[in-house]
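# for reference, the sequence and a predicted model appear below.
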2 protein chains.
Amino acid sequence: MTAKNAFYAQSGGVTSVINASACGVIQTARQHSDKIANVYAGRNGIIGALTEDLIDTNQESDEDIAALLHTPSGAFGSCRYKLKSLEKNRREYERLIEVFKAHNIGYFFYNGGGDSADTCYKISQLSEKMGYPVQAIHIPKTVDNDLPITDNCPGFGSVAKYIAVSTQEASYDVRSMALTSTKVFVLEVMGRHAGWIAAAGGLADVDDIPVVILFPEIEFDQEKFLAKVDKNVKERGFCTIVVSEGAHWPDGRFLAEQGTRDAFGHAQLGGAAPVVANMIKDAFGYKFHWAVADYLQRAARHLASASDVEQAYALGKASVELALQGHNAIMPTIVRKSSSPYVWEIGEAALADVANVEKMMPAEFITEDGFSITDACREYLTPLIQGENYPPYGSNGLPNYVRLKNAAVEKRLAKFEL
Amino acid sequence: MTAKNAFYAQSGGVTSVINASACGVIQTARQHSDKIANVYAGRNGIIGALTEDLIDTNQESDEDIAALLHTPSGAFGSCRYKLKSLEKNRREYERLIEVFKAHNIGYFFYNGGGDSADTCYKISQLSEKMGYPVQAIHIPKTVDNDLPITDNCPGFGSVAKYIAVSTQEASYDVRSMALTSTKVFVLEVMGRHAGWIAAAGGLADVDDIPVVILFPEIEFDQEKFLAKVDKNVKERGFCTIVVSEGAHWPDGRFLAEQGTRDAFGHAQLGGAAPVVANMIKDAFGYKFHWAVADYLQRAARHLASASDVEQAYALGKASVELALQGHNAIMPTIVRKSSSPYVWEIGEAALADVANVEKMMPAEFITEDGFSITDACREYLTPLIQGENYPPYGSNGLPNYVRLKNAAVEKRLAKFEL
C-alpha cells in the first residue's frame, strides 16, 4: 500500500468540538504516515475542494494540532454549500474527483450533518464509476442531534450542557429577585426542527426550579401555556421558560414571527423569547427578563461536556482507522451500551442508511402536557452532559484557542467557477 | 464585649459572587462567636428586616456555608426596594432599628450597590440618634462597576470574563462561517448607564478578531458605525459588535426603542442587538446572528473570574473584621497596588463619600473613534478577569450549587406594613 493523501473538510454550522474530531483525524493519520502522507483540509469546507484551495496540515506543529482538541469553531473554515443532485450538477462531483486525483487523495473525511452525509455517499459512488475510487467516511457533527443510527451527535452534548447550566444559573438568579422584581425568565435556544436542545433546559429542573419548555414538536397552545406559567409563579414564586427558536403556532407560523414590525415596516426583528415574555406580561403583568443564546451556545467551548469532547475525538480517530481497514461509504457512530454508568463504544453505519434521514425527539421524551421532559429523556440526556473539559487559559484571562497557519497547497488544476 | 448578633442582607440585582461575600461574612463571624453570636440574614434583603423575617444562619452547616463561595444568585433572596428619604419615611428607618434592637443586632452588613450604601449610611446615623447604635458596614457589589473609591466592584470581574470569553468564542464561530454565511455577530450586554461591561467585550480583540463596541457613553453615529462594520467585513471577512443595552441616539432614545411594534401595536419587544443587526442587513445585506446575554452574564458562576471570587470573599471577611475593630459607616474597598502583576489590598472608604456617587468610565478608556477600548482600559480590565474558579459538578453534569435551609427566626414584634 503506497501512501496516499487524505482530504478533510468541515461542513455547515460549526460547534465547540468539531475541531476535536479534526484533531482525532490528523493525529491518527500522523501515526500512520506510511499510509497517509498528508491530510489536506478544505479551506471553508467543500468549497476548498471545488476551488482547489487546500490547506497543508503537515505544516502545523504537533502542539497546534493538539490544541484543536480545546478550540471551538471550524479551524479550517466551514461553509453552507449544498452540492446539487448528481443529475443536476454532475460537473461539481466530477470536479471533486479531479481535485482528489490531482493531489493523490485516496481518503475523504467529511465532518458534518445530514447533507454532508449525502454528499459523502455520492462521492464514494461516483469516484468508483470514474475509475478513481476514493474511500469516503462521514464524521458526524451537529448540535441539532438529528442524525440517525448514532446514539448522539458530537456538538450536541456541549450545547446541552451549556443550556442546562445556563438555565439553572439564571433560575437561581430569578428566584433571588422574584419577590419584588423579575418573576419570569425566558431563554431562547437553537433547534428549528427538533427540540433536543430545548429538552436540555429541562435538566435544570433541580432544586425546585420550575422549567416550562416550548418544543418545536408541540403546537403552541397559548392558553395552556399561560396557565402553566401562572401556576408556577403563584405556587413557586417564579417560572423559567426555555423556548426553541422553532416553537410555532398550530398554523405553522413561528412564535418569533408574531407580526413584529419596526418603524419602517420591516417584519420580525426579535426572536421567540421577547414574544413569549411580552405575552406573559400582557396576561399577568409579571416582570420578565429574556435572553437569546444564539451562537454563544454552540461556541461555548469553555463549558464543553467531557463526554462530548471525548466522543468527537474518538469519531475522528475511528474514521481514519476504519479507512485504513478498507471501509468505505460509512459513518462511525456512538453506540450506547448503558446509561448509568455511561458506557459507549464506536460502531458504524452505512451512509446509504444515514443520508437524508432525520432523527426526531421520540414522543415518549416529552411529558403528556407538552411542557417538560420525561424520565426517559433525562436518562438519555444526562450522560451526554457529564464531565467538564476546560480549555487552558492565558495570563490575559482568556482561553488559549489556537489559530492554525492554514498554508495553501500549490494548485495543479485550472480555475473552477462555483 | 458581650456577644451581639449581626444582620446581613443582599440588595438589588444579584451576581455570581455575592454569595462569596456572604460566605466571607458568616465564616468570619463564626470564628468570632464570642463577639458575634449569630448572623441573621434578611429574607429577600432589607424587606426581611422591615417585616422581621430573619433567617437563622446558625442552622446552616459549615459545609453549606462554604458552598456559598461557588453558588451564584442571592442565597437569602434579594430585593429591589429603595428606602425613601429619612424625611419622607422616617418610620421605615425606625422600624429597622426596632427590629435590630428586638434581636440584639449590633452589626449591620449591607451587600449592594449605590442605593444600599446610602441606606447603610443613614442607618448608622439614625441608630445613634435613637440611642441604639448599630455599626453599619456596606459591602460593595454590582456588576455595573459604578461604585466610587473602590478599584472595582465584586460581580463585575466575572461578568467581564463571561462577556470577553463569549465574544471571543462567538467570533471564532463567525469567522468559520463568514465566507458563505454569517458575517456579522451582535452581542447585547448589560450596562444602562456605564459601559464597563461592554468594554469587556473589547478584551476579545485578540487573534485578529474585529470587535466594534457601542458604549452608552457615546452618542450613536449610524453612518460612522456602518462604515466601520463594512470596513471590517471587507478587510477581515467578518465583524463582531458588542452593544450595551444603554446605547442610544443623540436625542437620548435607546437603540432598543427604535419604534418596534408588534401586531397589537405594543411598543418595543426586542433589544438593541436585533435593531443593530437589522440596520447592518439593510445597509449591506450581510447575514447576521445576534444574542442577548441578559441574566446569563451575571449568573454565570461556571465561568467566574478567580480574582473576582477572591475579592468578593475578602470584602465580606474584612467587613466583619472592621466591625469588630469598632469601625462604623464605612465600606471596605479594593485598592490596586499594581496591574501587572496584579497586586491589591483591602482599604476602606467612608460611606459619606460613597453614597450617591456614580463612577463612570474615564474618557481615556474609550478610543477616539468611540468604538474600542484603549490600552489603559485593557490594563485596568485584564487583572479583573484573571484566573478561573470553577464550581464542583455532580454526576448529573450540573454544578452543585447550594440551597440553604433558610429557617426563620421567631418574631418578637408586631406586624409591619410595607
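The structure has been received and is ready for your questions. Residues are numbered from 1 along each chain as shown, chains lettered A, B, ... in the order given.
# so what's the closest residue to residue A:306 other than its chain neighbours up against?
Nearest non-adjacent residue to residue A:306, counting by CB to CB, 6 or more residues apart in numbering or on different chains: residue A:387, 2.7 Å away. C-beta: built from backbone N, CA, C; applies to glycine. Contacts of residue A:387 were listed using CB atoms under 8 Å, 6 or more residues apart in numbering or on different chains, and they are A:305-307, A:310, B:393, B:397.
# neighbours of residue A:333, how many?
Neighbourhood size, residue A:333 [other CB atoms under 10 Å in any protein chain shown]: 22.
# quick one: it and residue A:351 touch, right?
No - counting by CB atoms under 8 Å, residue A:333 stays clear of residue A:351, with 11.4 Å between them.
# from the rest of the structure, what touches the least confident helix or strand in chain A by mean pLDDT?
The helix or strand of chain A with the poorest confidence is helix A:114-129; it has a mean of 92 (mean pLDDT, DSSP states H and E). The contact list for helix A:114-129 (CB under 8 Å, 6+ apart) reads A:11-12, A:46, A:82-83, A:86, A:93-94, A:96-97, A:100, A:108, A:110, A:133-138, A:140, A:142, A:146-147, A:328-329, A:331, A:351-352, A:354-358.
# in strands only, show me the residues you listed.
Among those, the ones falling in strands (DSSP state E) are A:108, A:110, A:135-138, A:140, A:331.
# helix, strand or coil: sort out residue A:347 for me.
strand (DSSP: H, G, I helix; E, B strand; the rest coil).
# now do the contacts for the spatially closest residue to it that is not a sequence neighbour.
Closest residue to residue A:347 in three dimensions, ignoring its sequence neighbours and counting by CB to CB, 6+ apart: residue A:335, at 4.0 Å. Neighbouring residues of residue A:335 by CB under 8 Å, 6+ apart: A:150-151, A:344-347.
# now those: which count as buried?
Neighbour counting with 16 or more other CB atoms under 10 Å in any protein chain shown marks A:150-151, A:344, A:346-347 as buried within the contacts of residue A:335.
# what does residue A:211 show for phi and psi?
The phi and psi values for residue A:211, taken as degrees, to the nearest 10, are phi -110, psi 120.
# could you verify my assumption that it touches residue A:372?
Yes - under the criterion of CB under 8 Å, residue A:211 makes contact with residue A:372 at 7.2 Å.
# more neighbours: which of these two?
Neighbour comparison, residue A:211 and residue A:372: the larger count goes to residue A:211, with 24 against 20 (by other CB under 10 Å).
# give me every residue that touches that one.
For residue A:211, the contact set (CB under 8 Å, 6+ apart) comprises A:167, A:171, A:201-202, A:204-205, A:240-242, A:372.
# please repeat the previous calculation with a cut-off of 10 Å.
Residue A:211 is in contact with A:164, A:167-168, A:171, A:185, A:187, A:201-205, A:232, A:239-242, A:371-373, counting by CB atoms under 10 Å, 6 or more residues apart in numbering or on different chains.
# chain B next: which of those residues are close?
The subset of the contacts of residue A:211 within reach of chain B, by CB under 10 Å from any CB of the partner chain, is A:164, A:167-168, A:171, A:185, A:187, A:203-204, A:240.
# and these, which two are the farthest apart?
Of all pairs drawn from these, the one with the longest distance (CB to CB) is A:185 and A:203, at 16.1 Å.
# these two: who's more crowded?
For the pair residue A:185 and residue A:203, the greater number of neighbours falls to residue A:185 (29 against 25), based on other CB under 10 Å.
# buried stuff in the particular helix or strand that has the more buried one in it?
Using DSSP states H and E, residue A:185 falls within strand A:184-189. For strand A:184-189, a neighbour-count test (16+ other CB under 10 Å) marks A:184-189 as buried.
# which of the residues you listed lies closest to residue A:16?
Comparing these against residue A:16 with CB to CB picks out residue A:189 as the nearest, at 14.8 Å.
# close to chain B: what parts of the stretch 101-250 of chain A are there?
Checking the stretch 101-250 of chain A against chain B by CB under 10 Å from any CB, the hits are A:157, A:160-162, A:164-182, A:185-188, A:200, A:203-204, A:206-209, A:237, A:240.
# CA atoms of the longest helix seen in chain A as CSV?
As assigned by DSSP state H, the longest helix anywhere in chain A is helix A:156-177. These are the backbone C-alpha positions of helix A:156-177, laid out as CSV (Å, rounded to 0.1, in the frame of the first residue of the first chain):
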residue,chain,number,x,y,z
PHE,A,156,-24.9,18.4,20.9
GLY,A,157,-23.7,17.3,24.3
SER,A,158,-21.8,20.5,24.9
VAL,A,159,-24.7,22.7,23.8
ALA,A,160,-26.9,20.7,26.1
LYS,A,161,-24.6,21.2,29.0
TYR,A,162,-24.3,24.9,28.3
ILE,A,163,-28.1,25.3,28.1
ALA,A,164,-28.8,23.1,31.2
VAL,A,165,-26.2,25.0,33.3
SER,A,166,-27.3,28.5,32.0
THR,A,167,-30.9,27.7,32.7
GLN,A,168,-30.0,26.6,36.2
GLU,A,169,-27.9,29.6,36.9
ALA,A,170,-30.4,32.1,35.5
SER,A,171,-33.2,30.4,37.5
TYR,A,172,-31.2,30.8,40.7
ASP,A,173,-30.9,34.4,39.9
VAL,A,174,-34.6,34.9,39.2
ARG,A,175,-35.6,33.1,42.4
SER,A,176,-33.5,35.6,44.3
MET,A,177,-35.2,38.6,42.7
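# average pLDDT across it?
Mean pLDDT, helix A:156-177: 98.
# following the helix or strand hosting residue A:29 in sequence, what is the next regular element?
Following DSSP H and E, one finds residue A:29 within helix A:18-31. Once the chain leaves helix A:18-31, the next helix or strand it forms, by DSSP H and E, is strand A:36-42.
# now for that next one, which elements pack on it?
Under the contact criterion of 3 or more CB pairs under 10 Å, 6 or more residues apart in numbering or on different chains; DSSP states H and E, strand A:36-42 touches strand A:4-10, helix A:18-31, helix A:46-50, strand A:54-56, helix A:90-102, strand A:105-112, helix A:306-324.
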